[in-house]
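# A predicted structure for the sequence below; I have some questions about it.
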Amino acid sequence: MPKMKTKCSAKKRFTLTGSGKIKRKHAYHSHILTKKSTKRKRNLGYFGTISQVDTNSVKLELGMKYFF
């Protein structure tokens, strides 16, 4: 059986934590920052985790067929 291929876009956007959760960056933190409050910009800088509903599809894109 051939190897699973990883989607390049998913490889750039998601990372795995030690406990198996998937980290992601927040959107809306790249431009037009003048009208956003300091608190909002600071919170957009932190990493978030994807929701439980999307976990299986993201793991499939990362080439982890047997982890769900």
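That came through, no problem.

# tell me where the model's unsure across this protein.
66-68 (pLDDT under 70).

# closest to the centroid, which residue in it?
Centroid-nearest residue in the chain, with CA atoms, centre = their mean: Arg24, separated by 2.7 Å.

# tell me who's in contact with that residue.
By CB atoms under 8 Å, 6 or more residues apart in numbering, Arg24 lies in contact with Arg13, Phe14, Phe47, Gly48, Thr49, Ile50. Just so you know, the C-beta spots here come from the backbone N, C-alpha and C atoms, and that holds for glycine as well.

# between those, which is closest to Lys3?
Nearest to Lys3 among the contacts of Arg24 is Phe14, at 19.2 Å by CB to CB.

# you'd agree that closest one is up against Ile22?
Yes - the criterion here is CB atoms under 8 Å, and Phe14 meets it with Ile22 at 5.1 Å.

# may I have stretch 59-68 as PDB, with CA atoms only?
Extracted in PDB, the C-alpha atoms of stretch 59-68 (Å, rounded to 0.1, in the frame of the first residue of the first chain):
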ATOM      1  CA  LYS A  59      -5.600  14.600  11.000                       C
ATOM      2  CA  LEU A  60      -6.600  13.000   7.700                       C
ATOM      3  CA  GLU A  61      -5.000  15.900   5.800                       C
ATOM      4  CA  LEU A  62      -1.900  15.600   7.900                       C
ATOM      5  CA  GLY A  63      -1.600  12.000   6.800                       C
ATOM      6  CA  MET A  64      -2.500  10.400  10.200                       C
ATOM      7  CA  LYS A  65      -4.900   7.900   8.900                       C
ATOM      8  CA  TYR A  66      -4.800   5.600  12.000                       C
ATOM      9  CA  PHE A  67      -5.100   8.100  14.800                       C
ATOM     10  CA  PHE A  68      -8.900   8.400  15.100                       C
END
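
# many thanks, I have nothing further to ask.
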